[in-house]
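Engineer: the amino acid sequence is not available; the structure is as follows:
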């Protein structure tokens, strides 16, 4: 228990403590010896947390397409013998055009107008589009080899309508119709 008693310091000890505790300028080699990076790391961590909190994840889907080939397919036929099917999606329906001309309503003859008009409910008739395209492909044996269709849409057409049109043109219950879908620009 003798350790609990405070022993007073001598004047020499107090002088030595004052001398050692006094501030003195650093030696020339010791100046700016350490870099304090803690404030910098604080700022970086705040930025990282802010970026993670405001980052929005966007999921996209893509559909492989190829640019249109002259003649409507990869064969060596001339453009006059090919079907060269083009589908124009409008707010009124879907118009089909071939190298022979526009396809009239009902897919029976050449003529003006919307080939597959919208249903009474205001929705596009994709089943009728598939039936019509299948019928066009069966009209001539040269068209059986056709695999390319060009889709063009008005600016007011929704993206989902374009996707459903592509699906309707690609295949039917019997097999592939026009699996090579290309995009065109409305003029």
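Structural biologist: Structure received. Note that the structure is predicted; figures quoted are calculated from it, not measured.
Engineer: top helix in the chain by residue count?
Structural biologist: Counting residues, the longest helix found in the chain (DSSP state H) is helix 38-54.
Engineer: mind listing what the following helix or strand past that helix pairs with, with the direction of each?
Structural biologist: Proceeding C-terminally, helix 38-54 gives way to strand 85-89 as the next helix or strand, assigned by DSSP states H and E. Taking DSSP bridges as the criterion, strand 85-89 pairs within the sheet with strand 93-98 (antiparallel), strand 148-153 (parallel).
Engineer: so which of these gets nearest residue 107?
Structural biologist: The minimum distance between residue 107 and the strands paired with strand 85-89 falls on strand 93-98, with 7.5 Å, by CB to CB. Glycine gets a C-beta too; all of them are placed from N, C-alpha and C.
Engineer: residue 129 contacts residue 93, doesn't it?
Structural biologist: No: in this structure, residue 129 sits apart from residue 93 without contact. The criterion is CB atoms under 8 Å, and the distance is 9.0 Å.
Engineer: higher neighbour count, these two?
Structural biologist: Of the pair residue 129 and residue 93, residue 129 is the one with more neighbours under other CB atoms under 10 Å, namely 23 against 19.
Engineer: what sits against the more buried one?
Structural biologist: Contacts of residue 129 were listed using CB atoms under 8 Å, 6 or more residues apart in numbering, and they are 87, 94, 115, 116, 165, 168, 169.
Engineer: state the mean pLDDT of the helix or strand hosting it.
Structural biologist: Applying DSSP H and E as the criterion places residue 129 in helix 126-138. Within the predicted structure, the mean pLDDT of helix 126-138 is 87.
Engineer: now swap in stretch 169-187 and tell me
Structural biologist: Confidence for stretch 169-187, expressed as mean pLDDT, is 83.
Engineer: okay, residue 149 and residue 46: tell me how far apart.
Structural biologist: For residue 149, the distance to residue 46 under the criterion CB to CB, to the nearest Å works out to 53 Å.
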